[in-house]
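*Asks:* okay, structure incoming, though there's no sequence with it:
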């Protein structure tokens, strides 16, 4: 095998963590931009406002067919009840692969505290939706008949569900979600390619600050595990908030590290291995009922497709807001 091919395989394995082409809604760091509902269905309607969030992510500017993702989500409470609903639309393109999908969510929030001052709440959520996978093989080059390549645009629509729960206690929180519970074969014709797209997510964190201070700090971690490929990664995150007259400004930093590596050749007889490492700074502002956030993801690896990073913008709007119910530093809830 040529050195160039081995390098591309290594790059492809590493990029699989950030540019999946057939795993439903990809898991990036956009959940840190006041958008936990994107990955945890139990977070639908958790806040005192109904929320609309629009995200746009572009990887490797200037490269044709580079991965890009767009999501639109909406979630909120059903009147004064403990139940909530939500919905997500997304389109994800990655070279010859593309997928688009729609999810509907139901969540229920159980308040254990005697009143709404002290936050003690357990939430459950389920999302169900359809994902349409496409693979454009019309420009594939192959010499003669191939049992895998048909030379057409392949389409397949699959159904899947996500399940999860969240627990909030005062200034602390924990989320656990199982995504893609059902098996989806998508457009894969190769029996060696797994149809098990199940992914487990676990997030824990808390918000800290001095009494009466305008500043607060939020450390958190998120662990994810892919059942089919037995890949694992962890996010270590930190955010800081500053209360303003018009709302809030905030910034953060996220570091993602995979536990699995890819081997590559640096010369004819030297093999090295590297793991996915990403650094993502985050900037955001809440202005009255509007929200804006920008994230930039940098790949800290020796072998990468390009030195350029991944840009993402999130726009948000809060409506049907109620009074802040809890005496806590809990920006995702209040």
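*Replies:* It's in. Model, not experiment: these values are computed from the prediction.

*Asks:* could you find the closest non-adjacent residue to residue 196?
*Replies:* Nearest non-adjacent residue to residue 196, counting by CB to CB, 6 or more residues apart in numbering: residue 228, 3.5 Å away. For every residue, glycine as well, the C-beta is placed using N, CA and C.

*Asks:* quick one, what contacts that neighbour?
*Replies:* 194, 195, 196, 197, 198 (CB atoms under 8 Å, 6 or more residues apart in numbering).

*Asks:* and those, which of them are buried?
*Replies:* Buried subset of the contacts of residue 228 (neighbour count, 16 or more other CB atoms under 10 Å): 197, 198.

*Asks:* mind putting the contacts of residue 228 into TSV with pLDDT?
*Replies:* Output for these, formatted as TSV (pLDDT from 0 to 100):
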residue	pLDDT
194	72
195	83
196	87
197	89
198	93
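
*Asks:* narrow the contacts of residue 228 to those in strands?
*Replies:* Among these, no residue falls in strands (DSSP state E).

*Asks:* as JSON lines, the contacts of residue 228 with distance to residue 207 would be great.
*Replies:* Shown next, in JSON lines, are the contacts of residue 228 (distance: CB to CB, whole Å):
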{"residue": "194", "distance to residue 207": "38"}
{"residue": "195", "distance to residue 207": "39"}
{"residue": "196", "distance to residue 207": "36"}
{"residue": "197", "distance to residue 207": "33"}
{"residue": "198", "distance to residue 207": "31"}
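
*Asks:* just name the closest of the contacts of residue 228 to residue 40, please.
*Replies:* Residue 40 lies nearest to residue 198 out of these, by CB to CB, at 15.6 Å.

*Asks:* return the distance of that closest one relative to residue 329.
*Replies:* For residue 198, the distance to residue 329 equals 34 Å [CB to CB, to the nearest Å].

*Asks:* what's the answer for residue 41, then?
*Replies:* From residue 41 to residue 329 the distance is 24 Å (CB to CB).

*Asks:* so these two - more neighbours on which side?
*Replies:* More neighbours surround residue 41 than the other of residue 41 and residue 329, with 31 against 19 (other CB atoms under 10 Å).

*Asks:* work out for me the element the residue lying closest to the more buried one once chain neighbours are set aside sits within.
*Replies:* Distances taken as CB to CB, 6+ apart put residue 125 closest to residue 41, at 3.3 Å, once the chain neighbours are dropped. Per DSSP states H and E: residue 125 is located in strand 120-136.
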